[in-house]
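> Fold the following.
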Amino acid sequence: MEPVNGKVKSEHLCRKAFLYIRQSTLRQVQENTESTKRQYALKERLVSMGWDESRIEVVDSDLGQSGSGSDERHGFQHLVSEVSLGHAGIIVGIEVSRLSRSSSDWNKLLQIAALSNSLIMDEDGVYNVNDFNDRLLLGLKGTLSEAELHYLKARMRGGLLNKAKRGELRRALPIGYVYDENGKIAKDPDAQVQEAIARLFNTFKRTGSARSLIRDYEKQGFLFPCRQFRGFKLGELSWGKLPCSKALQILKNPLYAGIYVFGEKQIQYTAGGRKYKRMTKDHCHAWLPNSHPAYISEAQFEENNEQLAKNSRPDPSAGHGGAAREGSALLQGIVICGRCGRQMTLRYSRSSKPIYLCDSDKRQYGGAICQQAGGGNIDLAIGKLLLETINPMAMDAAVSIQRELSERKEEVLRIYGQQMERARYEMELAKRRYLRVDPDNRLVAAELERDWNQKSSGFESAKMDYEQKCMAETRAVDEKLKAALEQLVSDFPKIWNDPKTSSKEKKRLARLVLEDVTITSDPSKIVLGIRFKGGATKTLEIPNIKRNLDAANAEEDAVSEIKPMLLSGMTSKEIADALNSKGLMSGTGDKKFNCSSIEYLVRKYGLPTHTEVVKTGGWLTAKEKMAELGVTKSQLNRMRKSGKVVSKEVSFHGPAYLYKPEAPTTA
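Reported below is the predicted structural model:
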């Protein structure tokens, strides 16, 4: 070996020597102990070269860290900072690969060492970075170290991918699957676990969202299985509440559809660092349908993921309007612009009235709004159409609901029965363990007796839950409920118009019947192109007015009733009472008619007033009667009150009268 006296100078000896120690994995640290000893032994060599032991700093905080990067290697970062500050006289590593497996990190360290005049030493010798030959040799060693890592990774990665493409790469399996004796993926032999997985998918199909699924589980008190993949309880099965994150993982996992997948998430290197990106099935390393027993079909898996995507926040650019929410707009998320064909968005006015608008150009390019239409009258028209469409199907729906409730009753009882049987088995197992133990060994016997008591208590609790559920679920489907379901045909309009029926439920019902609604708005009318599930279509036209269509129609109905009443000589109060007794609604928004609302309709539609109708019979006004009799106003009022003249009240706003003329005298 070349003597070091020519390169190690006093200026290096007066600074610190940094001994950097690293191994790539914790397994290597535990098993390859000889390599670690060789690295620590370099400290003795530094002492023999002239460094005082107190000035030798051992940097070993990166044991178990890969040298491919410097982000997680805090020891390497500390080393670089000390070199840049000029505190390092020499950097020591058993070989270049221990310091870095990345050319970029290695070259940066060489540049900083050259500026601070720090030496670098490995097992082969000492190098002065400012010397061209030494710098060339160190650069080659760094390049070879990086290439070595690349080849090692390529070999291991190639073997892994090749095995994955055959569907033979073993990985941790989600709940519901295990490896059989041949190393193949199989369903969990526990029937209760299989039942729990199947129930999760059936519940999601019924509820339509992960949140609703979790709420249903919480309401019913269902538990969900979980196997321990690490720790001292490795492989043990436990039961607990189902979190929403777990439900989403299961719903999005293609393994439950019988598809073996590898590479569904792949690393993407960006300026912000490494990021995981979810890949489509065409870009996965392996996508093997029908590779093992499935809980659901592939079509059901695709449908579930499509439903989950629709349940996210509304995104017109992605073609979906999000999950049905609490707002009053009935067509939220299923409205299409009849002019440009884009998905329309939704806004609410200050009075909480819905407005459907197509503003894609405005949001993206700062352009103008394509079109907008008030949603109140549109929702009314669609609601009436749904009542007409659903009513004929209500009887079939009632029968289907009865069948579903019966199936759900059996399912709930089966689940609680399985929980009771499992608790019984655990109790019997604890009992057998206790009976096998030596009675004189009180330490073990006491613990086993305590476990037996706990299992017995758990069995009694599960048995009580099962019995209570039997009673509750038996009452759930009785003759009264059947009769109520059959009454659904006639009661559906009441249910739809009931204020207790939430807008969210109405939207979900509308989405079951309607595929989408295309809106084309003109100044005079709004054309609705309705597409039903299954492909049937229908076109509706409604007037483009700001007022509520129901109120406008109610106003027209009231006017048709008011006109003949006026001609018959009825007063405004008499007309208002008659309309209220018929249950008609005021077009001005009041629940009941009054004199003011009758007067408003008379003026608006140009109907003859009560005064005009009465005067057609020859009646006189107050001024005309005063002229006829030659009396003053006060005298005429006294004559009216005393009954000396015949009069009728005609005004809508206070007392005003018409008077019957005097009979002409005959000669």
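> use CA for all of it now, contacts and neighbours both
Noted.
> Lowest mean pLDDT among the helices and strands, pick that one out for this structure.
In the chain, no helix or strand scores lower on mean pLDDT, DSSP states H and E than helix 479-486, which sits at a mean of 54.
> Now do the end-to-end distance for stretch 249-260.
Start-to-end span of stretch 249-260 (CA to CA, to the nearest Å) is 15 Å.
> average model confidence for that stretch?
In this model, stretch 249-260 has a mean pLDDT of 91.
> which outside residues touch that stretch?
Applying CA atoms under 8 Å, 6 or more residues apart in numbering, the set of residues contacting stretch 249-260 from outside is 167, 201, 261, 286-298, 301, 304-305.
> Name all residues that make contact with Phe204.
Phe204 touches Ala210, Ser212, Leu213, counting by CA under 8 Å, 6+ apart.
> quick one: His84 and Ala113, what's the gap?
Just so we're on the same page, residue 84 is Ser rather than His. Distance from Ser84 to Ala113, counting by CA to CA: 7 Å.
> Give the residue from the two that has the larger number of neighbours.
Higher neighbour count among Ser84 and Ala113: Ala113, with 24 against 19, using other CA atoms under 10 Å.
> so the more buried one sits in a helix?
Yes. Ala113: assigned to a helix according to DSSP: H, G, I helix; E, B strand; the rest coil.
> The nearest residue to it once chain neighbours are set aside: neighbour count?
Nearest residue to Ala113, sequence neighbours excluded (CA to CA, 6 or more residues apart in numbering): Val83, at 6.3 Å. For Val83, the neighbour count with other CA under 10 Å is 23.
> I'd assumed Ala114 was in contact with Val83.
No. Using CA atoms under 8 Å, Val83 is not in contact with Ala114; the gap is 9.7 Å.
> Lys108: which element?
Assessed by DSSP states H and E, Lys108 sits inside helix 103-116.
> mean confidence score for the strand or helix carrying Ser461?
Ser461 belongs to helix 442-476 when assigned by DSSP H and E. Taken as a whole, helix 442-476 carries a mean pLDDT of 68.
> go on, stretch 358-366?
Mean per-residue pLDDT for stretch 358-366: 77.
> from the chain's centre, how far out does it sit?
With CA atoms, centre = their mean, to the nearest Å as the basis, stretch 358-366 stands 26 Å off its chain's centre.
> next one: stretch 199-216
The answer for stretch 199-216 is 12 Å, by CA atoms, centre = their mean.
> Can you give me the buried ones in that stretch?
Arg199, Leu200, Phe201, Thr203, Phe204, Lys205, Gly208, Ser209, Ala210, Arg211, Leu213, Ile214 (16 or more other CA atoms under 10 Å).
> The second one - that's part of a strand, no?
No. When three-state DSSP is applied, Leu200 is found to be helix, with no strand at that position.
> For it, give me the pLDDT.
With respect to pLDDT, Leu200 scores 91.
> and the helix or strand just after the helix holding Lys108, which strands flank it?
Sequence-wise, the next helix or strand downstream of helix 103-116 (DSSP H and E) is strand 119-122. Paired neighbours of strand 119-122 in the sheet (DSSP bridges): strand 88-92 (parallel), strand 125-128 (antiparallel).
> got the CA coordinates for the longest one in PDB?
Taking C-alpha atoms only, strand 88-92 is exported to PDB below (Å, rounded to 0.1, in the frame of the first residue of the first chain):
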ATOM      1  CA  ALA A  88     -13.100  17.400   8.400                       C
ATOM      2  CA  GLY A  89      -9.500  16.500   7.700                       C
ATOM      3  CA  ILE A  90     -10.400  13.000   6.300                       C
ATOM      4  CA  ILE A  91     -13.500  11.000   5.400                       C
ATOM      5  CA  VAL A  92     -13.200   7.300   5.900                       C
END
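> residues near Thr389, how many?
Neighbours around Thr389, by other CA under 10 Å: 12.
> Is it correct that it falls within a helix?
Yes. Assessed by three-state DSSP, Thr389 belongs to a helix.
> Show the residue spans covered by the helices in the stretch 1-150 of the chain.
Under the criterion DSSP state H, counting those that start in this stretch, the stretch 1-150 of the chain contains helices at 10-13, 26-31, 33-40, 42-48, 74-84, 96-99, 103-116, 132-165.
> ranking those helices by burial, who's on top?
Mean neighbour counts were compared across the helices of the stretch 1-150 of the chain using mean count of other CA atoms under 10 Å; the top stretch is helix 96-99, at a mean of 22.
> For Arg38, give me the pLDDT.
Looking at Arg38, the pLDDT reads 87.
> Roughly how far does it sit from Gly139?
Arg38 sits 24 Å away from Gly139, going by CA to CA.
> With Leu288 instead?
Counting by CA to CA - Leu288 and Gly139 are separated by 45 Å.
> How is this structure divided into domains?
10-163, 171-311, 322-546, 549-608 (automatic domain parsing).
> Now render those as TSV, adding distance to Leu636.
Listed next are these as TSV, based on distance: least, CA to CA, whole Å:
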stretch	distance to Leu636
domain 10-163	107
domain 171-311	77
domain 322-546	49
domain 549-608	22
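> I'd like to know which of those is closest to Lys660.
Closest to Lys660 of the domains of the chain, according to CA to CA: domain 549-608, at 14.6 Å.
> hang on, Ala373 in a strand?
Yes. Assessed by three-state DSSP, Ala373 belongs to a strand.
> where does the closest residue to it other than its chain neighbours land in three-state SS?
Distances taken as CA to CA, 6+ apart put Tyr356 closest to Ala373, at 5.4 Å, once the chain neighbours are dropped. Look at Tyr356: counting by three-state DSSP, its state is strand.
> For burial, what's the neighbour tally of Tyr356?
Neighbours of Tyr356 under the rule other CA under 10 Å: 24.
> got the contact list for it?
Tyr356 is in contact with Val335, Met344, Thr345, Leu346, Arg347, Gln372, Ala373, Gly374, Gly375, counting by CA under 8 Å, 6+ apart.
> where does the stretch 101-250 of the chain have low pLDDT?
Along the stretch 101-250 of the chain, no part satisfies pLDDT under 70.
> next helix or strand past the helix or strand where Gln194 lies?
For Gln194, the element it lies in under DSSP H and E is helix 191-207. Going down the chain from helix 191-207, the next helix or strand is helix 210-220, by DSSP H and E.
> orientation of that following helix relative to helix 191-207 in degrees?
Orientation of helix 210-220 against helix 191-207 (axes from the mean of the first three to the mean of the last three CA atoms, to 10 degrees) gives an angle of 120 degrees.
> Any idea how far the next helix or strand after helix 210-220 is from the middle of the chain?
Next helix or strand after helix 210-220 toward the C-terminus (DSSP H and E): strand 224-227. Centroid displacement of strand 224-227 relative to its chain, using CA atoms, centre = their mean, is 23 Å.
> So which elements touch strand 224-227?
If you count contacts as 3 or more CA pairs under 8 Å, 6 or more residues apart in numbering; DSSP states H and E, strand 224-227 packs onto helix 191-207, strand 237-240.
> Pull out the buried residues from the helix or strand containing Glu303.
Using DSSP H and E, Glu303 sits within helix 298-310. Residues of helix 298-310 classed as buried: Glu298, Phe301, Asn304, Asn305, Gln307, Leu308, Ala309, Lys310 (neighbour count, 16+ other CA under 10 Å).
> Now do it, average pLDDT.
Mean pLDDT, helix 298-310: 86.
> Which member of the buried residues of stretch 199-216 is positioned nearest Leu413?
Comparing those against Leu413 with CA to CA places Arg199 closest, at 12.7 Å.
> okay, the contacts of Phe204 in CSV with distance to Leu330 next?
What follows is those, written out as CSV (distance: CA to CA, whole Å):
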residue, distance to Leu330
Ala210, 22
Ser212, 20
Leu213, 23
